[in-house]
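> Output the structure for:
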Amino acid sequence: MDKKNLLLVGFITIICFCSCKNAANKKVKFIESQNVEITFPATIVEHYGIQNFSTHHVEYITYVDTFDISLNLRPLFDSLEDVIKISLKEANLIHKVQNGISYNIQSLDSIFILYENTNTISLISSEGLVINTWQFSQFINKHNDNESSYEYTLVSMVRNPLKFYNNTFFINAVRNDIILNNEENLRKYFETYPEIAININSYKINHIMLPWPNNYQNSKEFFRDYWPQTCTNKKGKIIYSFAKNHTLFVYDCSTKKIEKHKTESSYFDNFNTYPVDKIGNMSYLKKYMVQESTYKGVIYDDYNKLYYRIAWHPVHEYENEDGITVNELDDKKWSIIVINENFEQIDEIEFNQEIYNYYYIFPTSKGLMIQNKRKTTTETRTIGFTLFQLQH
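Below is the predicted model:
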């Protein structure tokens with residue numbers, strides 16, 4: 001064999017070796033299996049939260065329909081099962097459901113309803129009967145005994161829902177006694193523990209002793225991020241993710257101990273702060289949101305015993321090449337950091353942002369459901385999903 005052919009064979013061998021090595025290093029694969037399309041009624045309010053819930057036999061997509069004021073559980077895979085409608089009309093007599101609610105389904109006969117901006121939570125049955133209602137004080141003592149109490153609002157959202165364990169609510173308590181428009185108020189806000197625990201028997205309220213990360217507290221500027229993102233596992237632990245911090249914080253509801261686990265995206269390493277003097281500048285805000293790297297939530301998959309941390313990648317060039325149009329939030333690439341039960345980071349998978357949306361991601365027994373933009377139609381209120389089977 002001449003020298004030229006020998007070099008060519010050697011070059012091909014190197015390529016094959018590198019390719020095989022990269023394939024071998026890929027620890028998790030998301031394999032497309034099928035598409036699922038769900039059409040919702042025109043009277044659904046997405047702000048209330050489209051969620052998933054499962055019994056031992058059936059998996060559901062859940063949503064609130066304001067037409068008949070009901071919580072709906074639609075079977076996800078079993079077409080022979082009926083949609084379960086749970087009336088919220090009795091709950092509506094306590095506070096208007098149309099004004100905003102969030103919910104936590106413990107079981108079909110034990111559902112918590114949080115009425116927005118009221119600090120009120122009701123427990124309802126599958127028949128829609130209000131079993132109990134808790135009205136909590138609008139004031140809470142600061143964690144520093146030398147300071148006075150402050151006014152707060154209980155807040156639950158898609159990426160930080162109301163949580164319940166061992167007769168205790170765990171929930172975000174947002175200060176509403178200050179306006180976040182200057183350094184002093186920002187300091188007060190981020191010195192306050194973001195979440196509280198409320199015992200339903202004693203009404204006792206305690207701060208969850210998990211402070212904001214140091215990079216939130218130590219900056220004279222801020223990240224325009226006001227609440228943590230959370231998920232829970234089946235062992236009574238709450239996993240906290242902060243949008244601008246690489247660490248996951250794991251809170252044990254029984255022992256009250258906190259563990260820290262670094263889970264860092266390979267697509268970014270730093271976070272830029274938001275200048276206080278730019279608060280209210282919508283043009284600057286849009287550019288900041290597009291260009292910045294951010295973690296957008298953490299999800300627990302009980303079927304695969306994995307955690308998924310969503311990473312929103314930065315867009316380095318805000319303006320496009322034409323110098324006229326700009327990139328939008330939908331142009332941001334994103335990935336899923338895959339973490340095992342021991343909180344060891346095992347892989348990171350990037351998704352095509354032109355096809356998939358990180359906002360709706362549901363673990364199911366048949367795989368991971370991720371919203372498919374191309375299968376989603378606003379006119380018919382149809383949300384399309386792609387189901388991914390995991391190999392790991």
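> Which residues are in contact with residue 64?
Residues near residue 64 by CB atoms under 8 Å, 6 or more residues apart in numbering: 44-45, 48-49, 70-72, 88, 97, 101, 103. Any C-beta I mention is one placed from the backbone N, CA and C, and that applies to glycine too.
> Could you dump those residues into CSV with secondary structure, neighbour count and pLDDT added?
Shown next, in CSV, are those (DSSP: H, G, I helix; E, B strand; the rest coil; neighbours: other CB atoms under 10 Å; pLDDT from 0 to 100):
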residue, secondary structure, neighbour count, pLDDT
44, strand, 16, 87
45, coil, 15, 75
48, helix, 20, 69
49, coil, 18, 79
70, strand, 20, 96
71, strand, 24, 96
72, strand, 18, 96
88, coil, 24, 96
97, helix, 22, 89
101, strand, 25, 93
103, strand, 25, 95
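> just these now: which is nearest residue 303?
For these, the closest approach to residue 303 (CB to CB) belongs to residue 49, at 20.9 Å.
> doesn't residue 103 make contact with the closest one?
Yes. Counting by CB atoms under 8 Å, residue 49 touches residue 103, with 7.2 Å between them.
> Show me where the stretch 251-392 of the chain has its helices.
Listed from the start of the chain, the stretch 251-392 of the chain has helices (DSSP state H, counting those that start in this stretch) covering 282-291.
> Show me the shaky parts of the protein.
Applying pLDDT under 70 to the chain flags the ranges 1-26, 47-48, 142-148, 219, 323-325.
> And the residue nearest the centre of it?
The centre of the chain sits closest to residue 159, judged by CA atoms, centre = their mean, with a distance of 2.5 Å.
> ok, that one touching residue 294?
No. Residue 159 lies out of contact with residue 294 (CB under 8 Å); the separation is 11.7 Å.
> sorry, back to before: list the contacts for the residue nearest to the centre of the chain?
Contacts here follow CB under 8 Å, 6+ apart; on that basis residue 159 touches 229-230, 296-297.
> same question, residue 384
Residue 384 neighbours (CB under 8 Å, 6+ apart): 35-38, 371-377.
> circling back to that earlier point, out of the contacts of residue 64, which comes closest to residue 224?
Nearest member of the contacts of residue 64 to residue 224, counting by CB to CB, is residue 49, at 22.5 Å.
> residues near the closest residue to that closest one other than its chain neighbours, how many?
Nearest residue to residue 49, sequence neighbours excluded (CB to CB, 6 or more residues apart in numbering): residue 158, at 5.2 Å. Residue 158: 16 surrounding residues under other CB atoms under 10 Å.
> Please convert the contacts of residue 64 to TSV, extending it with distance to residue 120.
Below are the contacts of residue 64 laid out as TSV (distance: CB to CB, whole Å):
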residue	distance to residue 120
44	23
45	19
48	16
49	18
70	19
71	17
72	22
88	14
97	12
101	10
103	13
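> residue boundaries of the strands in the stretch 151-300 of the chain?
Using DSSP state E, counting those that start in this stretch, the strands of the stretch 151-300 of the chain run over 163-165, 168-175, 195-199, 205-207, 229-232, 237-241, 247-252, 258-262, 294-301.
> Turn those strands into JSON lines, including mean neighbour count.
Below are the strands of the stretch 151-300 of the chain laid out as JSON lines (neighbours: other CB atoms under 10 Å):
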{"stretch": "strand 163-165", "mean neighbour count": "19"}
{"stretch": "strand 168-175", "mean neighbour count": "21"}
{"stretch": "strand 195-199", "mean neighbour count": "20"}
{"stretch": "strand 205-207", "mean neighbour count": "16"}
{"stretch": "strand 229-232", "mean neighbour count": "22"}
{"stretch": "strand 237-241", "mean neighbour count": "22"}
{"stretch": "strand 247-252", "mean neighbour count": "18"}
{"stretch": "strand 258-262", "mean neighbour count": "13"}
{"stretch": "strand 294-301", "mean neighbour count": "21"}
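> will you turn those into CSV that also has distance to residue 124?
Formatted as CSV, the strands of the stretch 151-300 of the chain follow (distance: least, CB to CB, whole Å):
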stretch, distance to residue 124
strand 163-165, 14
strand 168-175, 15
strand 195-199, 18
strand 205-207, 23
strand 229-232, 21
strand 237-241, 24
strand 247-252, 27
strand 258-262, 33
strand 294-301, 25
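> nearest to residue 359, of the ones you listed?
Counting by CB to CB, residue 359 lies closest to strand 294-301 out of the strands of the stretch 151-300 of the chain; the figure is 8.3 Å.
> How about the contacts made by residue 196?
Applying CB under 8 Å, 6+ apart to residue 196 gives the contacts 140, 170-171, 173, 205-208.
> how near is it to residue 215?
Using CB to CB, to the nearest Å, residue 196 is found at 23 Å from residue 215.
> Next: residue 81.
Using CB to CB, we find residue 81 at a distance of 47 Å from residue 215.
> Likewise for residue 110?
Per CB to CB, residue 110 is found 39 Å from residue 215.
> How about residue 100?
Distance of residue 100 to residue 215, computed by CB to CB: 32 Å.
> Repeat that for residue 240.
15 Å.
> can I get the CA coordinates of stretch 382-392 in CSV?
Output in CSV follows, covering the C-alpha atoms of stretch 382-392 (Å, rounded to 0.1, in the frame of the first residue of the first chain):
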residue,chain,number,x,y,z
THR,A,382,-55.1,21.6,19.8
ILE,A,383,-51.8,21.0,21.5
GLY,A,384,-49.6,18.4,19.8
PHE,A,385,-47.1,16.3,21.6
THR,A,386,-44.3,14.0,20.6
LEU,A,387,-43.8,10.9,22.8
PHE,A,388,-40.1,10.0,23.3
GLN,A,389,-39.0,6.6,24.6
LEU,A,390,-35.9,6.7,26.8
GLN,A,391,-33.0,4.4,26.5
HIS,A,392,-30.4,4.8,29.3
